[in-house]
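Novice: Turn this into a structure:
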Amino acid sequence: MSRIKDEMFITFNDVMKWFNAGDAMMQYRPANGGWTIAEVLEHITLTNFYLLLLIRKAALKSLQHSMENDYRDMLQSYEFDWEKMQVVSNRDAADWTTPEQMIPSGTVAAGDIKATLRRQLVECLGLLDDLKKGEGVLQTTMMNVYGLGKIDVYQHIYFLVQHTKRHIGQMRAIRNEFEENNLATQRFTHDRNPLSIVA
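Specialist: Residues are numbered from 1 along each chain as shown. Just a heads-up that it's a prediction; the model follows:
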């Protein structure tokens with residue numbers, strides 16, 4: 001699935017750029033009381049951790065099934081529903097409560113979060129390589145979020161990518177608010193500067 005790999009590289013590369021945002025922006029808390037950019041990045045790693053538990057298990061079962069079954073006919077009729085999976089990246093598509101174990105603590109160092117993201121990317125790429133002959137279609141997992149239903153291993157990995165994209169959108173919104181507030185503060189400070197008095 002070269003398209004999944006391509007999107008994964010682009011998405012993770014985009015995420016890594018946010019570590020250069022600067023401490024003030026990284027720690028800025030939006031007016032709605034939501035997560036900071038640093039917390040969003042931590043949340044991505046936490047969600048990836050739990051998604052990868054399921055993906056890893058499903059990948060192993062897929063490989064086992066592939067040794068026991070001839071799945072060539074299944075591959076010939078297989079179609080990946082890209083549009084169905086891309087709804088996950090849309091922040092307005094659904095409103096759902098974040099599980100407690102995926103709520104960021106806000107205490108993890110940026111360097112540790114970045115290192116975890118790199119390890120998770122390597123693992124995802126490794127799983128796709130392990131399933132390069134189409135084995136991933138042989139095992140499905142129920143995904144209740146967004147009403148996706150049963151998804152195979154490839155779709156599950158793509159879900160991880162789309163979830164990350166969703167939060168890139170969130171970080172962009174936080175950055176925009178931060179920059180707007182900074183401009184407003186600068187204007188306010190400028191307005192308060194005393195006028196020079198001409199004698």
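
Novice: and the host helix or strand of K165, what does it pack onto?
Specialist: In this assignment (DSSP states H and E), K165 forms part of helix 153-192. Under the contact definition 3 or more CB pairs under 8 Å, 6 or more residues apart in numbering; DSSP states H and E, helix 153-192 sits against helix 2-17, helix 23-26, helix 37-68, helix 82-86, helix 110-130, strand 140-143. Any C-beta I mention is one placed from the backbone N, CA and C, and that applies to glycine too.

Novice: Of the ones you listed, give the one that comes closest to I168.
Specialist: helix 2-17 (5.6 Å; CB to CB).

Novice: In TSV: the helices and strands packed on helix 153-192, plus distance to H156.
Specialist: Listed next are these as TSV, based on distance: least, CB to CB, whole Å:
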stretch	distance to H156
helix 2-17	10
helix 23-26	30
helix 37-68	5
helix 82-86	9
helix 110-130	10
strand 140-143	6
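
Novice: deepest of those, which one?
Specialist: helix 37-68 (a mean of 18; mean count of other CB atoms under 10 Å).

Novice: what residues does the helix or strand that that helix is followed by touch?
Specialist: Proceeding N to C from helix 37-68, the next assigned helix or strand is helix 72-76, under DSSP H and E. The contact list for helix 72-76, computed with CB atoms under 8 Å, 6 or more residues apart in numbering, reads 134, 137-138.

Novice: Check stretch 134-144 too.
Specialist: 1, 54, 58-59, 61-63, 65-66, 69, 71, 74-75, 78, 149-154, 156, 159.

Novice: And stretch 165-177, by the same measure?
Specialist: So stretch 165-177 is contacted by 11, 14-15, 18, 21, 25, 28, 30-31, 34-37, 40-41, 43-44, 88-91 (CB under 8 Å, 6+ apart).
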